[in-house]
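Peer 1: Return a 3D structure for these sequence lines:
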Amino acid sequence: MNRSVLHLLLGLALTVSTTWNTANAEGIKQEKSEKAEAVASTVDRERKEFIAAAEEDLKKLNAELRELKQKAAAKTRAGTAELAEQTRNLEKQLTLAKRKLAKLKSAAPEKWRELKGDVAGAIDHVKQSIGKAKDDR
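Peer 2: Got it, this is the predicted structure:
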C-alpha cells in the first residue's frame, strides 16, 4: 500500500512539474515574441523617421539648387559658364543621393541601417557642395 501511495504521489508530482514547465516555456516564448515585436516596431519607426528627414533635406537642397540656377542666369557669360558647371555637378550629386534614398526605402527592414550611412553621406556631400557654391558667389 505504501508503494502505491508513493507511486501515486510521484506520478502527481511529475504531472504538476511537466504542466508547470510547459506553462513556463509558453510564457517565455510569449515574452520573447513580445520583445521581438517591440524591437521591430522601434526599428521601423526609426527607419521611417530617417526617411522623412532625408526626404526633407533633399527637398531643401533641390530648392537651393534652383536658386543657384537662377543666379547663374543673371550672371555674366564667364560667371554663368562656371556656375552652370557647378550646378550640373550638383544635380548629379543630388540625383545620386535620391537614388540612394530610393534604394534604402525599397530595402528590407533589416538592411536599411547598412544603407543609412550611404544616404546620409550623399546628402551631406550635396549640402557641403551647395554651401561652397553659395560662398563662391
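
Peer 1: list the contacts for the residue positioned nearest the centre of the chain?
Peer 2: The C-alpha lying nearest the average C-alpha coordinate of the chain belongs to residue 47 (C-alpha atoms, centre = their mean; 3.2 Å). Listed by C-beta atoms under 8 Å, 6 or more residues apart in numbering, the contact set of residue 47 reads 109, 112. Every residue, glycine included, has its C-beta placed from N, CA and C.

Peer 1: swap the cut-off to 10 Å and go again
Peer 2: Contact partners of residue 47, counting by C-beta atoms under 10 Å, 6 or more residues apart in numbering, are 104-105, 107, 109, 112-113, 116.

Peer 1: Which members of the residues you listed define the maximum pairwise distance?
Peer 2: 105 and 113 (13.4 Å; C-beta to C-beta).

Peer 1: re the thing from before, for residue 68, see how far away the residue nearest to the centre of the chain is.
Peer 2: Per C-beta to C-beta, to the nearest Å, residue 47 is found 31 Å from residue 68.

Peer 1: swap in residue 128?
Peer 2: Counting by C-beta to C-beta - residue 128 and residue 68 are separated by 14 Å.

Peer 1: Please enumerate the helices of the protein.
Peer 2: Counting by DSSP state H, residue ranges of the helices within the chain are 2-74, 77-106, 112-136.

Peer 1: Just put those helices in CSV and tack on mean pLDDT.
Peer 2: As requested, the helices of the chain are exported to CSV (pLDDT from 0 to 100):
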stretch, mean pLDDT
helix 2-74, 74
helix 77-106, 87
helix 112-136, 89
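
Peer 1: For stretch 51-58, buried residues please.
Peer 2: Across stretch 51-58, burial judged by 16 or more other C-beta atoms under 10 Å covers 51, 54, 57-58.

Peer 1: ok so, going back, give me the more crowded residue out of residue 128 and residue 68.
Peer 2: residue 68 (19 against 11; other C-beta atoms under 10 Å).

Peer 1: which residues touch the more buried one?
Peer 2: Here residue 68 is in contact with 83-84, 86-87, 90, 130, 133-134, 136-137 (C-beta under 10 Å, 6+ apart).

Peer 1: Go through these and name the one nearest residue 40.
Peer 2: residue 130 (36.4 Å).
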